[in-house]
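Chemist: Whatever this is, show me its structure:
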Amino acid sequence: MRFLRSALTSLMILLALGCAGWALAAQGGRWSVRLDVLTHFAPLLLALALVPPLYALVFERGQARAALLAISAVGVAASGLMVMPEYLRPTSEPIAEGAPGQIKLIQFNAWERNSRQAETIRWLRAQDPDILVIEEATLIGPALREAFDDYHVSCGRCSVMILSKAEPVARDVPVPPSADHIRPPIAGATFHDARGEFSVFGTHYTWPIYGGWQQAQGRVIAGLLDQFPKDRLILTGDFNSTPWSFSRRREDQMFGLERRTRALFSWPADRGPAGTGLPFGLLPIDHVYAGPGWRTVKIERGPLLGSDHYPVIVTLAPSA
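Modeler: Numbering: from 1, shown residues only. Here you go, the predicted structure:
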């Protein structure tokens, strides 16, 4: 029994050291895009970092307890510093559901390996969205266009599609030519309503493991947004980037828009045909941004469909 206790305490010390080392290295993401990759798992890291101190408080005494608590404090503090800003950041005041001029927008990475396309399309159609932004739309695109034959389609044969009830007055995406890995897939549409024009863009970033590519894509998107009035500008998509990352926080500032989604865990969603896998999302990587001319009515995460992402449903209303 004493040997088992000693082995378990040693394991807890190693876990505490590992969490502290990871969290401290992730803080280097403030300056290094490669270290910034470590930030995306901050909530999981925080949960793991809490295990050793709980063990110490229950099972240990004296120096072993003090050592575990001291080491664990570093991991908990360093990982908490990455997570807490997302929950503490200020957001605009929401507006009541009865507000006039509302639009319902669904952002969804439909996944190229979606094996339940019919179910996916039935759900999307039943939601009756005003605007639908779909990533990885290459395979599901033809069936979407057929099911939404009364909608207008922007970039209909692209990997990012926008379908809308209202006919766009423009579909411009004025992005200068760049290397394929730098320019992310983008679809855009500009609409005209009683308050004037507003533009909607959808995009899909690469994974953050390719050092600097994702950050370069962010600069492309920021340059695109700067060419449009931002008051009622909307940007959404699969950014493959969590709110804990320093790159995401920098882009929040670069875009000049408010990110309306807050820690909305949207990936992974796929549990396979037999219902295997995790029943909850681990990473919030699908985001919706909107300018100050929009007030948030409601933000929801959709159900499990045939994709490895959950859909994001956002209802906005014009500011008074």
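Chemist: Look at the residue lying closest to residue 175 once chain neighbours are set aside and give its secondary structure.
Modeler: Sequence neighbours aside, residue 224 is the residue nearest to residue 175 in space, at 5.3 Å (criterion: CB to CB, 6 or more residues apart in numbering). Quick note: C-beta positions are derived from backbone N, CA and C, even for glycine. Here residue 224 is recorded as helix under DSSP: H, G, I helix; E, B strand; the rest coil.
Chemist: low-confidence ranges in this protein?
Modeler: 1, 178-181, 271-279 (pLDDT under 70).
Chemist: redo that, cut-off 80
Modeler: Residue ranges of the chain with pLDDT under 80: 1-5, 176-181, 270-280, 320.
Chemist: all strands of it, in order?
Modeler: 103-109, 131-135, 152-154, 160-164, 186-193, 196-204, 234-238, 258-259, 286-290, 294-301, 312-318 (DSSP state E).
Chemist: need the ones you listed in TSV with mean neighbour count and distance to residue 141, can you?
Modeler: Below are those laid out as TSV (neighbours: other CB atoms under 10 Å; distance: least, CB to CB, whole Å):
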stretch	mean neighbour count	distance to residue 141
strand 103-109	24	13
strand 131-135	28	8
strand 152-154	20	9
strand 160-164	25	6
strand 186-193	20	11
strand 196-204	22	13
strand 234-238	27	16
strand 258-259	18	27
strand 286-290	25	19
strand 294-301	18	23
strand 312-318	22	19
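Chemist: so which of those comes closest to residue 228?
Modeler: When the strands of the chain are compared by CB to CB, strand 196-204 sits nearest residue 228, at 5.0 Å.
Chemist: domain assignment for the protein?
Modeler: Per the record, the chain has its domains at 2-88, 103-318, by automatic domain parsing.
Chemist: Distance to residue 94 for these - can I get that in TSV?
Modeler: Shown next, in TSV, are the domains of the chain (distance: least, CB to CB, whole Å):
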stretch	distance to residue 94
domain 2-88	16
domain 103-318	5
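Chemist: Of all those, which one comes closest to residue 95?
Modeler: Closest to residue 95 of the domains of the chain, according to CB to CB: domain 103-318, at 3.8 Å.
Chemist: Residue 30 and residue 86, how far apart?
Modeler: Per CB to CB, to the nearest Å, residue 30 is found 16 Å from residue 86.
Chemist: Name the residue in those two with the higher neighbour count.
Modeler: Set side by side, residue 30 and residue 86 show more neighbours around residue 86, with 18 against 13, by other CB atoms under 10 Å.
Chemist: who touches the more buried one in this structure?
Modeler: Listed by CB atoms under 8 Å, 6 or more residues apart in numbering, the contact set of residue 86 reads 243, 244, 262, 263.
Chemist: Including neighbour count and distance to residue 192, could those go into JSON lines?
Modeler: Supplementary listing: the contacts of residue 86 in JSON lines, determined by neighbours: other CB atoms under 10 Å; distance: CB to CB, whole Å:
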{"residue": "243", "neighbour count": "26", "distance to residue 192": "33"}
{"residue": "244", "neighbour count": "28", "distance to residue 192": "38"}
{"residue": "262", "neighbour count": "13", "distance to residue 192": "30"}
{"residue": "263", "neighbour count": "12", "distance to residue 192": "34"}
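Chemist: Return the two entries of those that lie farthest from one another.
Modeler: Among the contacts of residue 86, 244 and 262 lie farthest apart (CB to CB), at 12.1 Å.
Chemist: Now distance to residue 53 too, for the strands of the chain, in a markdown table please.
Modeler: Converted to a markdown table, the strands of the chain look like this (distance: least, CB to CB, whole Å):
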| stretch | distance to residue 53 |
| --- | --- |
| strand 103-109 | 37 |
| strand 131-135 | 40 |
| strand 152-154 | 52 |
| strand 160-164 | 45 |
| strand 186-193 | 46 |
| strand 196-204 | 40 |
| strand 234-238 | 36 |
| strand 258-259 | 32 |
| strand 286-290 | 33 |
| strand 294-301 | 31 |
| strand 312-318 | 35 |
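Chemist: which one of those strands lies closest to residue 70?
Modeler: Once the strands of the chain are compared by CB to CB, strand 258-259 is nearest, at 36.0 Å.
Chemist: Which other helices and strands does the closest one contact?
Modeler: strand 286-290 (3 or more CB pairs under 8 Å, 6 or more residues apart in numbering; DSSP states H and E).
Chemist: partners of the strand it packs on, with directions?
Modeler: strand 234-238 (antiparallel), strand 258-259 (antiparallel) (DSSP bridges).
Chemist: No further queries at this time; thank you.
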